[in-house]
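1. quick one: sequence and predicted model below, then my questions.
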Amino acid sequence: MLRRLYDWIMALAESPKALWALAAVSFAESSFFPIPPDPMLVPMVLANRKRAWVFAGVCTAASVVGGIAGYFIGYALEGLGTAILAFYGHGDAMAAFQAMFAEWGLWIILIKGMTPIPYKVVTIASGMAAFDLKVFIAASIVTRGGRFFLVAGLLYYFGEPVREFIERRLTLVTTLFFVLVVGGFVALRYLF
């Protein structure tokens, strides 16, 4: 099953729908969806390394726009924002988020935007704390762009050996990625 999914994503990278699918996942991940865009970005860059920078740019732009949507959920739709935070295990932590954002807001966005910790929690909490929107957008561009362009750059320059490694050890790579995602959720749970 993993092999079929991997092959499907590799084929999708060549299709006209690739960028739209990548953008949709990147947008949703920054505002409410639990899965990051990396499972699409990595094989898409490996399948078409010439477009690595385009893929990273689409991920960045869609993620920042999704982050603005997450900010809006926290800022204007507090009930929905609270429900999403509760889904991720942080329903009771709003007072702590607001205090942290008042003191460390920019640093929280910069650090968490580069990690596997779910970014939607940061975007919604930023809105709920009424963090400065312009600073939020600038920090999101830097961190999300840094993350996606770093991944794309590594795959662009070291792509074929990475591709061969992934294809030979697909189950191991998938398991490690799953552990990173789950670890991000666990770290988020115990950091706040």
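-> Here it is on my side, so go on. Numbers count the residues shown, from 1 in each chain.

2. which strands and helices lie in contact with the host helix or strand of Leu41?
-> Counting by DSSP states H and E, the element that carries Leu41 is helix 38-47. Counting contacts by 3 or more C-beta pairs under 8 Å, 6 or more residues apart in numbering; DSSP states H and E, helix 38-47 is packed against helix 2-12, helix 18-31, helix 52-76, helix 133-168. For glycine as for every other residue, the C-beta is placed from the backbone atoms N, C-alpha and C.

3. so Ala139 is in contact with Ile109, correct?
-> Yes: contact criterion C-beta atoms under 8 Å: Ala139 and Ile109 qualify, at 4.1 Å.

4. just to revisit the earlier point, in TSV, list the helices and strands packed on helix 38-47 along with mean neighbour count.
-> Formatted as TSV, these follow (neighbours: other C-beta atoms under 10 Å):
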stretch	mean neighbour count
helix 2-12	14
helix 18-31	21
helix 52-76	23
helix 133-168	17
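
5. mind putting those helices into JSON lines with mean pLDDT and distance to Ile124?
-> Compiled in JSON lines, the helices and strands packed on helix 38-47 are given as follows (pLDDT from 0 to 100; distance: least, C-beta to C-beta, whole Å):
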{"stretch": "helix 2-12", "mean pLDDT": "65", "distance to Ile124": "28"}
{"stretch": "helix 18-31", "mean pLDDT": "88", "distance to Ile124": "8"}
{"stretch": "helix 52-76", "mean pLDDT": "93", "distance to Ile124": "4"}
{"stretch": "helix 133-168", "mean pLDDT": "82", "distance to Ile124": "11"}
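
6. tell me the pLDDT of the residue nearest to Glu78 when sequence neighbours are not counted.
-> Ranked by C-beta to C-beta, 6 or more residues apart in numbering and with sequence neighbours excluded, the top spatial neighbour of Glu78 is Met128, at 6.2 Å. Confidence at Met128, expressed as pLDDT, is 81.

7. how many residues are close by Met128?
-> Met128 is flanked by 21 other residues according to other C-beta atoms under 10 Å.

8. can you list phi and psi of it for me?
-> Backbone torsions of Met128, given as degrees, to the nearest 10, read phi -60, psi -30.

9. likewise Pro16?
-> Main-chain torsions, Pro16, degrees, to the nearest 10: phi -70, psi -20.
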